[in-house]
Every structure is written in C-alpha cells, then in structure tokens.
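Q: Generate a structure from the sequence data that follows.
(one chain, ligands or ions: 1)
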Amino acid sequence: MATLRCEFSDAAAERAFLRHHLAMTQAQLRVTFVFCSLFYLCFAATDAIWLGYSLRTAVLACARLLVAVTALGGLVLLRRRPDSLPVTRGVASVVEIAGAAGFLLIAALRPGEFSLHAISMSIVVIVIYIYIPNRLLYAAAIAAPATLGFIVLAEQLGDLRRVELATMAALLTLTNVFGYVAARRYQLLLRDEYSAQTVLKNLSVRDPLTGCYNRRHLHEQLLETEISRAQRYRLSLTVIMSDLDHFKAVNDTYGHNGGDAVLQRFGALLQSMTRDSVDSVVRYGGEEFLLILPETDLDGGVLLAERLRHALADTPVAYDGQQIHITASFGVASVDFATSAHEAHLNMIASADELLYAAKNGGRNRVCSRQLV
Ligand SMILES: Nc1nc2c(ncn2[C@@H]2O[C@H](COP(=O)(O)OP(=O)(O)OP(=O)(O)O)[C@@H](O)[C@H]2O)c(=O)[nH]1
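A: Numbers count the residues shown, from 1 in each chain. This next block holds a predicted model:
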C-alpha cells in the first residue's frame, strides 16, 4: 500500500478496487452533487440580505449558479459514462475545483464576513476530503491551495486583526489535516475490507496448491459464463484438457513435495502462457488441468497446446537441487458457435478428456484435437 496516497501500490489491484466500488462511488457523487447545488443556491438569499439587489448580488448569483450547473453537468456525464473510471474521477475533481473557486469568489465579494466565511470554508474543505469520493491526492491538491487562497483573501480584504487572522489560518490548517487523516482512514478501511473480501473469494474459487481455479468454480460459474458469451456473439470456444505424464513416478521418486513442486510449476506455466483475465486455468483433478480459451478456434488451441507441451518438456523443474524432467499430454476440443449444431458444446469437456486419453494412448507428450460440429 502506498502510504501517502493510500492506494494499492500495484496499479492493477488499485484499478480492480476502483472498478469494484465504481457503482457506489457514482451513487455517492450523485447525492453529493445535488446536495452541493442546493447548498450553493440556497445561500443566494443571504447575498441579497447582506448586499441588497446590486450588481454584486447578481455576480454572486452567477457564481453560485455556475457551481450548481457544473455539479448538474457532472450528474449528466456520470449518467452517460457510468463505466468510466477517468470520467468519474474527472467529474469529482472538476466539481471540487468549481466549488472551491466559487466559494472564494463569494468570500471576496462579501468581504465583511470573513469570520463566518471561515466556518463555511471548513465545511468546503471537509466536503472535498470526505464527502466527495475522489483520489486522496487530488482532494489534497484542491483543498490545500483553496485554503491558502482563502487566507490570502482574508488578509487582503477582510477587516481582521492579526491575531484573528492567525487563529483562522491555524484552524483551517487543522481542518485540512483532520480532513486528510479522516479521508485516509476511510480509504484504508475500504481497501482493507476489499482485500479481505478478495482473499475470501480467492479461497473459495482457487486451488490452494497451484493458485488455479478449482473445479467447483468451473461448474458453478466459469464454464456457463463462457459458453453463454460464445453463444450470444457466435464466437469460437476452445478447451484444453492436459495431464502430466507418469506423474505417479515423480511422486514415487521425489516424494509428495517433489510432486507438488511439479504441479505448482505446471500451474504457473499454464497461467503465464495464457491471456490474463481472458483465459481460465482450472485444476480439474490431481495432475489434470483444464484451460478455457474464449474467442479461440481449434488452430489457436492446438498452437497453444503445442507451445505448452514444448515449454514443459524443454525446461526441467528444479527441486531440492535436482532437475525433474516431465512431459504432459493434451486434448483440444473446439466449438464454433457460428456454425456448429445447437448441442455441440454439451460434451466439450468430455471430448477434451477423450482426446487427452487418445494422446496418452498414442505415446504421451503429444496433442490430440477435434472440432466439435
Ligand atoms: N504430489 C501430489 N500428487 C498428487 C496430487 N494429486 C494427485 N496426485 C498423484 O498423481 C498421481 C496420478 O497417477 P496416475 O493417475 O496413475 O497417472 P500418471 O502416473 O500421471 O500416469 P499417466 O497419466 O497415465 O501418464 C497419483 O500418484 C496421485 O497420488 C497432489 O496434489 N500432489
């Protein structure tokens, strides 16, 4: 975790976290924007009371309207781009900047009430840090300069004694510090909770030895999701069933830990040579692994299986100062949902299993494949 930013150090993990919370973030932004618009608009009444109906009141009304319009424009953008992280972040930052700038203008045009403005400035700072969900760094980069600008305005335009000004500056600095600390704690809490959820989820869907998906996850979700997607878009889907050759002999020669090391290496190889977040690697049985390859035709599946076969056969597994030579056999079954019969996919895994055993019977360390029609 990056301490100051309070974000995951790993950019992919941070993105996944933000995606996970995107709907909640947008809902919070919507409520906040409506509230902030009302807040700015309602206080137009106090402008009229303090300044009467003058040009200044009209300028103030425009400034308030501008903040409200920016916030409402943000609402429209969020509705149009509900899946976009950059848009969500950008909208949050722009509304924060507009709110802070609008408030400074209001304070400058009503210079007689800087003590009251200081209270409102504290609220603005807290809203920026905590109420509007945004990157902590962005919030700090907006709230701190806005506070400084406010103190300069108070010094230039406000009718304040030195001691009053110093107290105001100290209180507003503290508001920033507390706002930052509170926001940081909240961000930490959200990320801790997300990490715990991810660990639990991983425990329930992954095999602890190899980190590959487990068979339960395959049957509960993976397979159905990929088949429905391929059916809907009339795409190809390929599965590869693979099994280490003479694995029992590895266990007998190097012990169970040696066998485990080979399984881990094979699992890692399968994961590293397939596409992240697209292909799925499942530990199907003891030394049997299943690969699900969306948008891949038979030729692509065979090419990958051959690459995997060579990679495993060419690189012995290092274990306890020894080199374990191992090979694997592969069965590749593919369905083209644009052309195949309606029920062709029903026996995909069974077909890949049959092809795997054909490869075993054919002498092992080989690939057998078939297009299912
Ligand atoms: N170390 C270890 N061994 C396992 C694990 N799961 C299954 N096995 C072993 O894997 C071996 C599988 O042996 P067999 O089914 O005879 O297959 P094989 O020796 O690979 O022979 P072929 O598949 O015909 O090439 C058995 O000895 C199992 O005990 C595991 O998690 N760790």
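
Q: Return the set of buried residues in stretch 332-346.
A: The neighbour-count check on stretch 332-346 (16 or more other CB atoms under 10 Å) flags V332, A333, S334, V335, D336, F337, S340, A344, H345 as buried. All C-beta atoms are positioned from the backbone trio N, CA, C, and that covers glycine.

Q: Next up, the contacts around the last one.
A: Under the criterion of CB atoms under 8 Å, 6 or more residues apart in numbering, the contact partners of H345 comprise I227, A230, Q231, L237, V335, F337, L372.

Q: returning to that earlier point: quick check: the two most widely separated of the buried residues of stretch 332-346?
A: Pairwise distances across the buried residues of stretch 332-346 peak at 16.7 Å for V332 and F337 (criterion: CB to CB).

Q: circling back: in helices only, show me the buried residues of stretch 332-346.
A: When the buried residues of stretch 332-346 are checked against helices (DSSP state H), there are no matches.

Q: between the residues you listed, which is nearest the ligand?
A: V332 (17.1 Å; CB to the nearest ligand atom).

Q: Now the nearest residue to the closest one once chain neighbours are set aside: phi and psi?
A: Leaving aside its chain neighbours, V332 sits nearest to S369 (3.8 Å; criterion: CB to CB, 6 or more residues apart in numbering). When read as degrees, to the nearest 10, the backbone of S369 gives phi -140, psi 160.

Q: Verify the stated contact: S369 with G331.
A: Yes: between S369 and G331 there is a contact at 7.4 Å, judged by CB atoms under 8 Å.

Q: list the residues that contact both of those two?
A: Joint contacts of S369 and G331 (CB under 8 Å, 6+ apart) are L355.

Q: who's more crowded, those two?
A: G331 (26 against 22; other CB atoms under 10 Å).

Q: Relative to S242, how far out is the more buried one?
A: Distance check for G331 against S242: by CB to CB, to the nearest Å, it reads 8 Å.

Q: cool, and L291?
A: 7 Å.

Q: Could you tell me which residues of the stretch 251-373 of the chain lie near the ligand?
A: N251, H256, G259, D260, L263, G286, E287, K360, R364 (CB under 6 Å from any ligand atom).

Q: in the host helix or strand of the fifth one, what counts as buried?
A: Using DSSP states H and E, L263 maps to helix 247-272. Applying a neighbour-count criterion of 16+ other CB under 10 Å, one finds 247, 250-251, 254, 258-267, 269-271 buried in helix 247-272.

Q: what's L235 in contact with, if anything?
A: R229, P294, E295, F337, A338.

Q: Please repeat the previous calculation with a cut-off of 7 Å.
A: L235 is in contact with P294, E295, F337, counting by CB atoms under 7 Å, 6 or more residues apart in numbering.

Q: care to break the protein down by domain?
A: 11-203, 215-372 (automatic domain parsing).

Q: Look at the residue in the stretch 51-200 of the chain positioned nearest to the ligand and tell me its secondary structure.
A: Per CB to the nearest ligand atom, the residue of the stretch 51-200 of the chain with the smallest distance to the ligand is V199, at 21.7 Å. Three-state call for V199 (DSSP: H, G, I helix; E, B strand; the rest coil): helix.

Q: By mean pLDDT, point me to the weakest helix or strand of the chain.
A: helix 44-51 (a mean of 85; mean pLDDT, DSSP states H and E).

Q: Work out for me the element A16 sits within.
A: helix 11-20.

Q: I figured I128 hits P145, correct?
A: No: between I128 and P145 there is no contact under CB atoms under 7 Å: 11.0 Å.

Q: Between those two, point out the one with more neighbours.
A: Legend: neighbour count by other CB under 10 Å for I128 and P145, higher for I128 (28 against 12).

Q: give the contact list for the more buried one.
A: E96, A100, A139, I142, A143.

Q: Could you give the number of residues near the third one?
A: Using other CB under 10 Å, the number of residues around A139 comes to 24.

Q: same check, this time on the second one
A: Using other CB under 10 Å, A100 is surrounded by 23 other residues.

Q: Which residue is the nearest non-sequential neighbour of it?
A: With CB to CB, 6+ apart, the residue lying closest to A100 is A146, at 3.7 Å.
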